[in-house]
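Student: Below: sequence and its predicted model.
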Amino acid sequence: MSIVLVSTSRDPKKWYKALKEKNEDLDIQIYPDIERPEDIEFAISWKHPDGLYKNYPNLEVVASMGAGVNHILKDEDLPPKVRVTRIVDDQLTKDMSQFVLLQCLAVSRNLFTHLKDQSSKSWSPRAYQTPPKTNIGIMGYGVLGKEAGKVLKANGFNVIGYANTSKIVDGIKVYGADQQDEFLDQTQILVCLLPVTSSTKGVLNFELFQKLKDEAYLINVARGEHLLEADLIKAIDTGKLKGASLDVFQEEPLPESHPFWEHENIQITPHVASMTDPESVANQLLENYRRMKNGEALLNVVDVQKGY
Ligand code: GLV
């Protein structure tokens, strides 16, 4: 019986090596060189071609290579009996919170503007905003949101959160779904760390941006599907938003012709906010493989209906 590694944009050989180092007897096939589809029980997957998993009749589990699973769930031909898992990993969580901190510091210290000044040889000192005067709102308060909130707070920022239900987490007020306006009204830097679900697709839109503080800034490190891209350009060009840092896009790689590339107030990174280290997560994947074989409950299982 075997594991299949399926990834067209992440190097499957690194995953192969990390898994084999833990257990050299594992039978691992690497897509697209599949010789025995009927042997496949467990897939480790990143952006697989839709419909692929119909071809593996004994497939039981599809494990995402990352924290997100929308790339798996969006496949309408995913066999219904398949269980889906995600990665929860300390390093992945830390990497995300550091990336969010980096962006928030860059915004509050005008770093992006100073870099632009450099390219035009312009010496233009600008007053910066200290963390205690900077309100950050984190939308999505799961594992990643919670850690980002903690790290931002430890660096002196004013942090609030937004989730389905209101709560206090690590001394941070998290607003519930019925308090969205109140949350947005206080937010100057909006960080999106939501999962993709039918209710969060397109949530970052013109109407929502209008509810933020003036000259707000968007940091999207969740998924491209959250953002209505034309609405972002409109909100920046009409002066409501000061700019945005985007790590994720509706279409990746971002097409060369996309207007974001040339927009002076949009900062682009190529989906690198937090990338799974295969060596760091090999144990949790193999633990789930073992649990699957023994009929035990899996770790980090996703509710396919909810989408996270
Ligand atoms: C990255 O986007 C991940 O889902 O881990």
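Tutor: Done, it's in.
Student: show me what contacts the residue of the chain found nearest the ligand?
Tutor: Per Cβ to the nearest ligand atom, Gly66 is where the chain lies closest to the ligand, at 2.3 Å. In this view, the C-beta of every residue, glycine as well, is placed from N, C-alpha and C. Shown in contact with Gly66 (Cβ atoms under 8 Å, 6 or more residues apart in numbering): Trp46, Arg86, Ile87, Leu92, Met275, Thr276.
Student: Next, it: phi, psi?
Tutor: Recorded main-chain torsions at Gly66 are phi -130, psi -170, according to degrees, to the nearest 10.
Student: How about Gly145?
Tutor: Backbone torsions of Gly145, given as degrees, to the nearest 10, read phi -60, psi -40.
Student: Surely it is in contact with Ile160?
Tutor: No: distance between Gly145 and Ile160: 11.1 Å, which falls outside the contact criterion (Cβ atoms under 8 Å).
Student: Now the one residue sitting closest to the centre of the chain: closest residue in space, sequence neighbours ignored.
Tutor: Compute the mean C-alpha point of the chain, and by Cα atoms, centre = their mean the closest residue is Ala222, 3.3 Å away. Among residues not flanking Ala222 along the chain, Cys192 sits closest, at 4.6 Å (Cβ to Cβ, 6 or more residues apart in numbering).
Student: Can you check what pLDDT the model gives that neighbour?
Tutor: Model confidence at Cys192, given as pLDDT, is 98.
Student: Tell me what it is bridged to.
Tutor: Listed by DSSP bridges, the beta-bridge partners for Cys192 are Met139, Asn220.
Student: Touching, it and Leu218? I think so.
Tutor: Yes: distance between Cys192 and Leu218: 7.3 Å, which falls inside the contact criterion (Cβ under 8 Å).
Student: any shared contact partners between these two?
Tutor: Here Cys192 and Leu218 have Leu204, Leu227 as joint contacts, going by Cβ under 8 Å, 6+ apart.
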